[in-house]
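[1] structure, please.
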Amino acid sequence: MTWSPLAPIAPANTPIPGGSTPDPLHGSFRSALNQARAEEAARRAQELLNDEGLSRLLTRPRERPEVPRARDVFVNRNLRMSSIELVGFDMDYTLAIYHMRRLEQLSFDMTLAKLVGEYGYNPVIGHLLYDHHFVMRGLAVDRVHGNILKMDRFGHVGRGWHGLRPLTPEVRRELYRNKLVRPRDPRFAWNDTLFALPETCLFAGIIELLESLGQRVDYGKLYDNIREAIDTVHRDNSLKREVRKDLSRYIFLDPELGPALHKLRSGGKRLFLLTNSAWDYTDAVMRYLLDGTLPEYPSWRNYFDFVVTAAGKPGFFGGDRPFLELDSSTEAGPVVGEAKSLERGKVYSGGNLAQFEEFTGHRGETILYVGDHIYGDILKSKKSSLWRTCMVVQEIEDEITYTDSRQEEIARLSEIEVTRARLDDEVNALKTALNALERRIERDAQSPADRAREEETRRHLKAELDFVRRALKEATGIADTLERDVEEGFNPYWGLLFKEGNENSRFGYQVEQYACLYTSRVSNFLHYSPMQYYRSPRDLMPHEQAGALSGKLSPLGSEGPPKGSGKE
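    This is a model prediction of the structure:
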């Protein structure tokens with residue numbers, strides 16, 4: 001018996017396996033039992049959808065306060081609050097929303113003074129002014145070349161600055177397009193926290209000033225010095241001492257914060273505070289925020305079942321530091337001893353995730369943690385545990401309010417972008433038709449009359465191609481101008497926080513990947529039931545967006561962990 005290793009060649013019109021054939025590879029078997037069940041479910045579905053009483057109930061207007069879009073809670077992964085037993089909060093920039101510009105200015109001034117007084121920098125830098133526009137979360141500092149960069153979700157550098165000068169497209173292409181950019185490369189330092197914003201402005205301002213004076217700048221050393229100085233300002237409590245002198249100047253007093261926490265407690269949730277701030281500062285800030293807000297809670301500590309200060313996040317989520325009980329009757333809060341349990345009414349410091357779950361009796365997906373730090377609060381907790389996460393991004397209120405104010409311009413830009421894509425496709429179609437015609441004219445022997453007709457058709461196609469090319473060039477210029485106008489209207493240096501070009505920014509991508517929910521402030525939970533089922537739209541693949549009916553199987557996402565939870 002002989003056989004060939006080559007399969008026989010199928011006729012050109014033979015359908016591929018699994019296609020629309022009488023016997024496809026997939027979906028070719030349904031048992032009678034399964035078919036009967038499906039038909040019964042279809043019948044019951046029709047009855048349910050046609051039930052008039054149910055229809056009246058579901059279409060009845062629900063009494064719910066009108067929530068501004070900027071104060072909404074946004075959902076990346078479905079979260080059923082009825083399954084949440086314990087809700088935790090960071091303090092700084094989460095429960096305590098700072099007046100950003102005032103705190104940034106204070107941090108900028110104190111760090112600048114330290115650089116001159118303790119690090120020996122030229123006193124001329126003491127005259128630098130803080131530009132709050134030149135700061136945004138999610139920027140990268142290139143410690144080798146002294147550049148500040150904004151990347152999209154793919155790591156593509158969309159815009160960058162050296163000092164206070166924008167990088168030219170040629171430089172940007174040479175440094176970051178012709179070479180592979182790895183965001184995890186140690187040469188890049190990421191500015192992911194609101195506390196760290198002043199360092200970006202300092203880095204750029206010092207480079208601009210010193211290089212304009214002809215001085216050579218060691219970019220890596222400069223960044224390390226700024227980082228160390230600003231860390232010291234926070235670590236030695238000198239910044240927080242200034243804040244405590246006038247809390248009302250630096251911290252926004254949200255009248256809805258207490259009621260929001262009360263509503264969660266009324267829904268059967270236990271609450272905890274988990275902050276990196278020390279006891280004395282935590283107590284001062286929380287008293288300012290919550291004491292006297294509601295008669296049911298004479299002290300801010302009555303809101304919380306567990307209070308943990310100086311937690312050392314992100315180390316808390318992967319370390320083994322013990323919990324230490326503090327004497328909370330004094331401002332100093334001396335250590336009483338190592339804690340063997342966590343009790344309501346007491347205050348602790350340090351600790352670790354494993355022991356926290358053991359002591360509280362709550363673990364995994366029954367815990368929701370709310371914080372503002374994409375790495376220290378959200379990403380690290382998600383990688384180390386099954387805790388659900390909510391990220392507070394206070395800037396989103398400004399961005400949504402701004403984009404709503406530019407609705408007409410954004411609609412026009414969107415229309416032009418669609419037109420540009422259609423013109424680009426039309427250019428390609430016309431070029432293909434023209435090339436095919438020219439090959440036919442060159443290859444085929446034709447009568448003079450036929451050739452004349454073909455030549456006329458070629459002239460017509462070339463005229464159309466030229467016309468569409470001019471329109472495409474015009475549409476591209478218009479779209480670029482309109483996009484720049486909208487983006488720079490929000491921030492003249494960096495554009496929108498969550499976008500970079502047509503893609504999500506790296507910061508926006510991280511929020512989407514690691515936060516189950518995100519919102520602008522904790523008090524936004526007041527507008528929802530403590531049993532709320534937060535539902536996300538289902539992600540659609542391109543073939544589903546193009547019309548494949550698998551995209552209509554369910555419009556909603558799942559309750560699984562965020563996309564990035566398993567990534568390193």
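[2] any idea how far residue 245 is from the nearest residue to residue 426 once chain neighbours are set aside?
    Excluding its sequence neighbours, the residue lying closest to residue 426 (C-beta to C-beta, 6 or more residues apart in numbering) is residue 468, at 5.1 Å. Placement of C-beta: from N, CA and C, glycine included. Remark: distance between residue 468 and residue 245 (C-beta to C-beta, to the nearest Å) = 66 Å.
[3] ok, these two, which is more surrounded?
    residue 468 (20 against 9; other C-beta atoms under 10 Å).
[4] for residue 157, give its distance to residue 53.
    Taken as C-beta to C-beta, the span from residue 157 to residue 53 is 59 Å.
[5] so for the two, which sits in the more crowded spot?
    Per other C-beta under 10 Å, whichever of residue 157 and residue 53 has more neighbours is residue 157, with 20 against 7.
[6] was I right to think that one contacts residue 148?
    No. Taking C-beta atoms under 8 Å as the definition, residue 157 is not a contact partner of residue 148, at 10.5 Å.
[7] and whichever helix in the chain runs longest, what does it pack against?
    Identified as the longest helix of the chain according to DSSP state H is helix 448-490. Applying 3 or more C-beta pairs under 8 Å, 6 or more residues apart in numbering; DSSP states H and E, we find helix 448-490 packed against helix 395-405, helix 407-443.
[8] quick one: residue 288 and residue 249 touch, right?
    No. Applying C-beta under 8 Å as the test, residue 288 and residue 249 come out as separate, 11.3 Å apart.
[9] the two: which is more packed in?
    More crowded of residue 288 and residue 249, by other C-beta under 10 Å: residue 288, with 15 against 12.
[10] tell me the contacts of that one?
    Residue 288 makes contact with 247, 248, 251, 253, according to C-beta atoms under 8 Å, 6 or more residues apart in numbering.
[11] now do residue 528
    Taking C-beta under 8 Å, 6+ apart as the test, what residue 528 contacts is 73, 81, 534.
[12] as a markdown table, those residues with pLDDT would be great.
    Formatted as a markdown table, the contacts of residue 528 follow (pLDDT from 0 to 100):
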| residue | pLDDT |
| --- | --- |
| 73 | 95 |
| 81 | 96 |
| 534 | 94 |
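[13] closest to residue 412 out of those residues?
    residue 73 (30.3 Å; C-beta to C-beta).
[14] give me the neighbour count for that closest one.
    Neighbours around residue 73, by other C-beta under 10 Å: 17.
[15] quick one: it from residue 510, how far?
    Taking C-beta to C-beta, one finds residue 73 at 18 Å from residue 510.
[16] again with residue 99
    For residue 99, the distance to residue 510 - C-beta to C-beta - is 25 Å.
[17] those two: which is more packed in?
    Legend: neighbour count by other C-beta under 10 Å for residue 99 and residue 510, higher for residue 510 (23 against 13).
[18] tell me which element that one is part of?
    Take DSSP states H and E as the rule and residue 510 turns out to sit in helix 506-514.
[19] contacts for the helix or strand following that helix, please.
    Sequence order places strand 517-519 as the next helix or strand after helix 506-514, per DSSP H and E. Contacts to strand 517-519, defined as C-beta under 8 Å, 6+ apart, come from residues 71-76, 79, 388-393, 396, 511, 525, 534.
[20] what do you get for stretch 163-181?
    With C-beta under 8 Å, 6+ apart, stretch 163-181 has contacts from 134, 142, 145-147, 149, 151, 155-157, 159-162, 204-205, 207-208, 211-212.
[21] what mean pLDDT does it get?
    Summarised as a single mean, pLDDT over stretch 163-181 is 87.
[22] same thing with stretch 349-357?
    95.
[23] from one end of it to the other, what's the distance?
    One end of stretch 349-357 to the other measures 15 Å (C-alpha to C-alpha, to the nearest Å).
[24] list the buried residues of it.
    349, 350, 351, 352, 353, 355, 356, 357 (16 or more other C-beta atoms under 10 Å).
[25] taking the residues you listed one by one, which sit in helices?
    Reading helices off those with DSSP H, I get 353, 355, 356, 357.
[26] so the last one makes contact with residue 366?
    No. Residue 357 sits out of contact with residue 366 when judged by C-beta under 8 Å, with a separation of 9.6 Å.
[27] hang on, the earlier thing: tell me what angle the longest helix of the chain forms with helix 407-443.
    Here helix 448-490 points in a direction 160 degrees away from that of helix 407-443 (axes from the mean of the first three to the mean of the last three C-alpha atoms, to 10 degrees).
[28] and the next element down the chain from helix 448-490?
    Following helix 448-490 toward the C-terminus (DSSP H and E): strand 499-500.
[29] pull up the pairing partners for that next one, direction included.
    strand 503-504 (antiparallel) (DSSP bridges).
[30] one step back: out of the buried residues of stretch 349-357, which is nearest to residue 489?
    For these, the nearest to residue 489 is residue 353 (42.7 Å; C-beta to C-beta).
[31] the closest residue in space to that closest one that isn't next to it in sequence and residue 434: what is the separation?
    Take residue 353 and drop its neighbours on the chain: the residue closest to it by C-beta to C-beta, 6+ apart is residue 317, 4.9 Å away. Applying C-beta to C-beta, the value for residue 317 to residue 434 is 61 Å.
[32] low-confidence ranges in the stretch 451-568 of the chain?
    For the stretch 451-568 of the chain, the stretches flagged by pLDDT under 70 are 560-568.
[33] recalculate using a threshold of 50.
    Within the stretch 451-568 of the chain, the stretches with pLDDT under 50 are 568.
[34] just the chain next, same as before
    1-7, 568.
[35] in this structure residue 316 contacts residue 351, no?
    Yes. With contact defined as C-beta under 8 Å, residue 316 reaches residue 351; the gap is 6.3 Å.
[36] ok, now which ones touch residue 149?
    Contacts of residue 149 by C-beta under 8 Å, 6+ apart are 139, 140, 141, 142, 157, 159, 160, 176, 188.
[37] related to what we said a few turns ago, farthest-separated two in the buried residues of stretch 349-357?
    Within these, two members stand farthest from each other by C-beta to C-beta: 349 and 357, at 17.9 Å.
[38] with adjacent residues omitted, what lies nearest to residue 359?
    residue 342 is the one closest to residue 359 (C-beta to C-beta, 6+ apart), at 4.2 Å.
[39] ramachandran angles for the one you found?
    For residue 342, the backbone dihedrals (degrees, to the nearest 10) come out as phi -110, psi 130.
[40] surely it meets residue 348?
    Yes. If you go by C-beta under 8 Å, residue 342 and residue 348 touch, sitting 6.5 Å apart.
[41] distance of residue 532 from residue 73?
    Where residue 73 is concerned, residue 532 sits at a distance of 8 Å (C-beta to C-beta).
[42] swap in residue 63?
    In terms of C-beta to C-beta, residue 63 sits 19 Å off from residue 73.
[43] residue 517 too?
    Taken as C-beta to C-beta, the span from residue 517 to residue 73 is 6 Å.
[44] between the two, what contacts are shared?
    With C-beta under 8 Å, 6+ apart as the test, residue 517 and residue 73 both reach 390, 534.
[45] straight-line length of stretch 523-535, end to end?
    In stretch 523-535, first residue to last residue: 19 Å (C-alpha to C-alpha).
[46] figure out how far it is from the centre of its chain.
    Here stretch 523-535 shows a centroid-to-chain-centroid distance of 20 Å under the convention C-alpha atoms, centre = their mean, to the nearest Å.
[47] ok so, going back, narrow the contacts of residue 528 to those in strands?
    73, 534 (DSSP state E).
[48] what's the closest of the contacts of residue 528 to residue 123?
    After measuring the contacts of residue 528 against residue 123 - C-beta to C-beta - the closest member comes out as residue 73, at 48.4 Å.
[49] quickly list what the closest residue to that closest one other than its chain neighbours is bridged to.
    Nearest residue to residue 73, sequence neighbours excluded (C-beta to C-beta, 6+ apart): residue 519, at 4.5 Å. Beta-bridge partners of residue 519, counted by DSSP bridges, are residue 73, residue 392.
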